[in-house]
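1. here is a sequence with its predicted model. Questions after.
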Amino acid sequence: MNEPTASSGRADELRDAIRSRGEALGFTRVGFASATEPPGARDAILAWLARGHQASMGWMARDPERRWEPERILAGARSVIVVSMIYRTTASVPAGPGLPRISRYAHGRDYHEVVGERLRVLAEELERLAPGTRTRIACDTSPIADKAFAREGGIGWIGKNSCLIHPVDGSFTFLGEIFTDLELPPDPPVRDHCGSCTRCLDACPTDAFPEPYVLDANRCIAYWNIEHRGPFGPGWSEAIGDWLVGCDICQDVCPWNRKAPLTDVPDFQPMPSLVETTLEEWADMGDDEYRARIRGTAVSRVKPSDMRRNAEAVRANQEREIDKDGGED
């Protein structure tokens, strides 16, 4: 089968049309990268795995080459269309006593579905504009070095907290990709703007960053209250503080998020059934009620028994803080 080709002028027109259509669909940014190995991705990923920073997430070490080889995602891939969507909402600080913190990414509808639905529409539009084009979409659903491709596509730079950061949008953004066998002109990469700042590294209460740009999941609150199964490791029941799901500390302190816009996507707004549920309710919730409550949200990554574990730990931590402060007024 012949690969689809386009003249330079036609390729520019297609890129502009896809960018315009993507923005109309609600994507904050739409960028274009070559479907080649992102500079530095291979060495960074292999070093991270060799040091065991994936903790118990063994699936991250399986076939790691797929993360930087687009050809393994879509045979004949020549371009990667990278998109971002802002999900930043108001502060994740509990609205009252007995309520936990939930990371902003999990406040609303499951981002895999929200971003994925729009990616499918955008991929169909590309196939309509360039008949014969093949595509494959991904939104945290395939083993892809998504931040590296986003950097190469001009969506942001990878910060010292390992998050992708855009100078206007900040880091509270979801990423998605369309791999295509159509060659489209790439956007210039975004250079690193972290400079000498170390606020994210200094603010992490569990020292999850052994060095800038490297996150050790073994030391990350979000790993322990989302990915870890079964009882907490020694000290981690206390270390999660009041974070029931995830942790936003290293993003909250980032100067690039200080003036970043809030999301205008209704699906990402905080759902009362999540953010207004008390720790007591989470701790006492049966499996069926739990699954019904979190259906269609990213919280579904947390198993029912692990959510009860989290809630009991956070409740004990909050009670400990109250006792330390001499009780509530």
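-> Structure's in. What do you need?
2. residue ranges of the strands in the stretch 51-200 of the chain, please?
-> 79-86, 101-102, 135-138, 157-158, 164-165, 173-180 (DSSP state E, counting those that start in this stretch).
3. with mean neighbour count and distance to residue 307 added, can I get those in a markdown table?
-> For glycine as for every other residue, the C-beta is placed from the backbone atoms N, C-alpha and C. Below are the strands of the stretch 51-200 of the chain laid out as a markdown table (neighbours: other CB atoms under 10 Å; distance: least, CB to CB, whole Å):
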| stretch | mean neighbour count | distance to residue 307 |
| --- | --- | --- |
| strand 79-86 | 26 | 26 |
| strand 101-102 | 24 | 11 |
| strand 135-138 | 21 | 27 |
| strand 157-158 | 21 | 31 |
| strand 164-165 | 26 | 28 |
| strand 173-180 | 25 | 22 |
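4. and residue 215, which of the ones you listed is closest to it?
-> Closest to residue 215 of these is strand 157-158 (CB to CB; 10.8 Å).
5. thinking again about what came up before, let's have the strands of the stretch 51-200 of the chain in TSV, adding distance to residue 269.
-> Putting the strands of the stretch 51-200 of the chain into TSV (distance: least, CB to CB, whole Å) gives the following:
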stretch	distance to residue 269
strand 79-86	12
strand 101-102	13
strand 135-138	24
strand 157-158	28
strand 164-165	22
strand 173-180	14
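6. dump those strands into JSON lines; add distance to residue 317 and mean pLDDT as well.
-> Putting these into JSON lines (distance: least, CB to CB, whole Å; pLDDT from 0 to 100) gives the following:
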{"stretch": "strand 79-86", "distance to residue 317": "30", "mean pLDDT": "99"}
{"stretch": "strand 101-102", "distance to residue 317": "11", "mean pLDDT": "95"}
{"stretch": "strand 135-138", "distance to residue 317": "36", "mean pLDDT": "97"}
{"stretch": "strand 157-158", "distance to residue 317": "32", "mean pLDDT": "98"}
{"stretch": "strand 164-165", "distance to residue 317": "30", "mean pLDDT": "99"}
{"stretch": "strand 173-180", "distance to residue 317": "29", "mean pLDDT": "98"}
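7. closest one to residue 186 among those strands?
-> That would be strand 79-86 among these, by CB to CB, at 7.4 Å.
8. ok, back up a step: quick check: which of the strands of the stretch 51-200 of the chain is nearest to residue 282?
-> Closest among the strands of the stretch 51-200 of the chain, once you apply CB to CB, is strand 101-102, at 10.2 Å.
9. mind giving me the packing neighbours of the closest one?
-> Counting contacts by 3 or more CB pairs under 8 Å, 6 or more residues apart in numbering; DSSP states H and E, strand 101-102 is packed against strand 243-245.
10. pairing partners for the strand it packs on, with directions?
-> Under the criterion DSSP bridges, strand 243-245 sits next to strand 101-102 (parallel) in its sheet.
11. give me the distance from the strand it pairs with to the chain's centre.
-> Per CA atoms, centre = their mean, to the nearest Å, the displacement of strand 101-102 from the mean C-alpha position of its chain is 16 Å.
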